[in-house]
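Colleague: Give me a model of this one.
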Amino acid sequence: MGDTGNNGNESNWIINIDRIEDSTRRNYFSVLPEEKKLMEHFSGAFVINKPKGRVGGDGFWLHSHGDDVYLALFTCIGEGHLASMMTRIYMNALKKMVDGYSIDFTGSILQFLHREVRARFKDKNNILLNTNANVGIVKLNNKTKEMEFAGANMNLLQVSPKGVKIIKGEESQVGETGEHRASYTSITLEDTKESKFYLCSSGVYNLIGGPEFKKLSMTQLGDYLLENRKHDMAGQKALVDQYLTAWTGVNRQNDDIMVIGFKS
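Modeller: Below is the predicted model of the structure:
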């Protein structure tokens with residue numbers, strides 16, 4: 001009879017853990033914009049979001065103001081519930097910026113995030129919580145089609161009939177232990193009319209596989225996108241998903257994956 005009671009308690013504990021994880025998963029996905037919202041602001045766009053576990057540390061943010069639309073992808077360092085919690089903290093920081101400040105440049109947005117997170121966790125005592133993130137931000141003016149980009153340890157892929165161009169961000173992350181920076185550079189993008197752009201979380205380039213069992217490089221992904229640039233964005237979403245799966249092969253997915261593709 002005693003054993004039965006213990007088994008019952010264990011079953012209840014497992015059920016409660018499952019409920020907590022399911023709730024966390026719903027909360028994680030609920031804070032992210034829907035793909036159709038992204039498509040409302042860009043002529044063609046897609047999102048691939050494949051967390052390693054039930055929840056992920058990758059997130060994206062979308063905001064429009066007048067003719068300008070802002071798109072950010074961020075990878076919170078770590079995994080599981082703590083990384084998922086940090087995605088919500090970064091989303092809330094961006095909401096605070098929109099509600100209380102007039103910040104126009106992509107580099108200035110990165111600087112705001114950096115200062116906001118450092119200030120919030122200046123007295124942090126949880127050594128398991130990593131508050132840093134890799135962030136890439138794009139600003140598009142839908143009227144003039146002018147675009148700019150700023151990155152914190154994240155680059156932007158631009159694919160056009162001329163080839164593949166890697167728009168490099170700063171090497172430092174944003175967050176509590178990130179290098180102190182006076183500013184982040186906002187880069188004006190050229191030849192945007194016939195280009196397609198791709199923001200990828202660091203997990204994409206941490207995927208191990210391929211013919212030589214190595215990490216996927218940005219150059220390799222860029223070459224694949226160039227070969228398939230004539231496909232529409234819906235077709236590209238399927239192709240990129242298949243490519244990442246094929247690259248990983250029989251290996252297990254070792255990190256959260258997020259890819260956002262879009263046109264101006």
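
Colleague: Break the chain into its domains for me.
Modeller: In the assignment given by automatic domain parsing, the structural domains of the chain cover 1-30, 31-262.

Colleague: How far does the longest one sit from its chain's centre?
Modeller: By that I understand domain 31-262. 4 Å (C-alpha atoms, centre = their mean, to the nearest Å).

Colleague: okay, now the spatially closest residue to Lys196 that is not a sequence neighbour: neighbour count?
Modeller: Nearest non-adjacent residue to Lys196, counting by C-beta to C-beta, 6 or more residues apart in numbering: Val159, 5.0 Å away. Every residue, glycine included, has its C-beta placed from N, CA and C. When counting by other C-beta atoms under 10 Å, one arrives at 24 neighbours for Val159.

Colleague: With Asp255 instead?
Modeller: The tally of other residues near Asp255 (other C-beta under 10 Å) stands at 20.

Colleague: That one: what secondary structure?
Modeller: coil (DSSP: H, G, I helix; E, B strand; the rest coil).

Colleague: Would you mind confirming that it makes contact with Asn206?
Modeller: Yes: using C-beta atoms under 8 Å, Asp255 makes contact with Asn206 at a distance of 4.4 Å.

Colleague: follow-up on the earlier one: which of the domains of the chain has the lowest average pLDDT?
Modeller: Among the domains of the chain, domain 1-30 carries the lowest mean pLDDT, at a mean of 55.

Colleague: most tightly surrounded among the domains of the chain?
Modeller: domain 31-262 (a mean of 18; mean count of other C-beta atoms under 10 Å).

Colleague: What's the end-to-end length of it?
Modeller: 21 Å (C-alpha to C-alpha, to the nearest Å).

Colleague: all strands of the stretch 1-150 of the chain, in order?
Modeller: Counting by DSSP state E, counting those that start in this stretch, the stretch 1-150 of the chain has strands at residues 45-50, 58-65, 68-76, 133-141, 147-152.

Colleague: could those strands be laid out in CSV, adding distance to Val250?
Modeller: Below are the strands of the stretch 1-150 of the chain laid out as CSV (distance: least, C-beta to C-beta, whole Å):
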stretch, distance to Val250
strand 45-50, 17
strand 58-65, 24
strand 68-76, 25
strand 133-141, 28
strand 147-152, 33
